[in-house]
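In: Next input, structure requested:
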Amino acid sequence: MENKQIESNNLKVIKDQMGYEFLMNKKCNEFSQHITDSNLKNICTEASKVHRDNFNNLKTYLDSHQ
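Out: Numbering: from 1, shown residues only. Have a look, this model is predicted:
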């Protein structure tokens, strides 16, 4: 089965979102390293994981359409 190409406007939206997810992963991870409160540290760590997973899911989606 041949993969359908992504339209250029949709590709731009996906790439933009990947950039946002990458940045939020990085920021949440960095915040978690500087926070001493364990509850806030856990929240930042979990948020970092969510953004990393979102980025990876978008990348997998893009890779499947090449």
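In: what helices or strands is the helix or strand harbouring Gln33 leaning on?
Out: Following DSSP states H and E, one finds Gln33 within helix 8-34. Applying 3 or more CB pairs under 8 Å, 6 or more residues apart in numbering; DSSP states H and E, one finds that helix 8-34 makes contact with helix 38-63. In short, each C-beta sits where N, CA and C put it, glycine included.
In: how far out from the middle of the chain is the helix it packs on?
Out: 6 Å (CA atoms, centre = their mean, to the nearest Å).
In: Begin at 45, not 1, for the rest of this chat.
Out: Understood, numbering begins at 45; the last thing we discussed is helix 82-107.
In: What's the separation between the residue lying closest to Cys88 once chain neighbours are set aside and Met62?
Out: When the adjacent residues along the chain are set aside, Cys88 lies closest to Ser76, with 3.6 Å between them (CB to CB, 6 or more residues apart in numbering). Separation of Ser76 from Met62 (CB to CB, to the nearest Å): 21 Å.
In: Distance check, the residue lying closest to Leu106 once chain neighbours are set aside against Tyr105.
Out: In space, and not counting its chain neighbours, Leu106 is closest to Ile58: 6.3 Å by CB to CB, 6+ apart. Relative to Tyr105, Ile58 is positioned 7 Å away (CB to CB).
In: swap in Ser76?
Out: Ser76 is 27 Å from Tyr105, where distance means CB to CB.
In: if we can go back for a sec, can you pull the contacts of the residue nearest to Cys88?
Out: Contacts of Ser76 were listed using CB atoms under 8 Å, 6 or more residues apart in numbering, and they are Lys85, Cys88, Thr89, Ser92.
In: ok, of the residues you listed, which one's closest to Cys72?
Out: Closest to Cys72 out of the contacts of Ser76 is Ser92 (3.8 Å), distances taken as CB to CB.
In: check contacts around the closest residue to the closest one other than its chain neighbours.
Out: Residue nearest to Ser92 in three dimensions, not counting chain neighbours: Cys72, with 3.8 Å by CB to CB, 6+ apart. For Cys72, the contact set (CB under 8 Å, 6+ apart) comprises Cys88, Thr89, Ala91, Ser92, His95.
In: what's the burial count for the closest residue to Ile79 other than its chain neighbours?
Out: Closest residue in space to Ile79, ignoring its immediate chain neighbours: Lys85 at 4.7 Å, by CB to CB, 6+ apart. Using other CB atoms under 10 Å, Lys85 is surrounded by 15 other residues.
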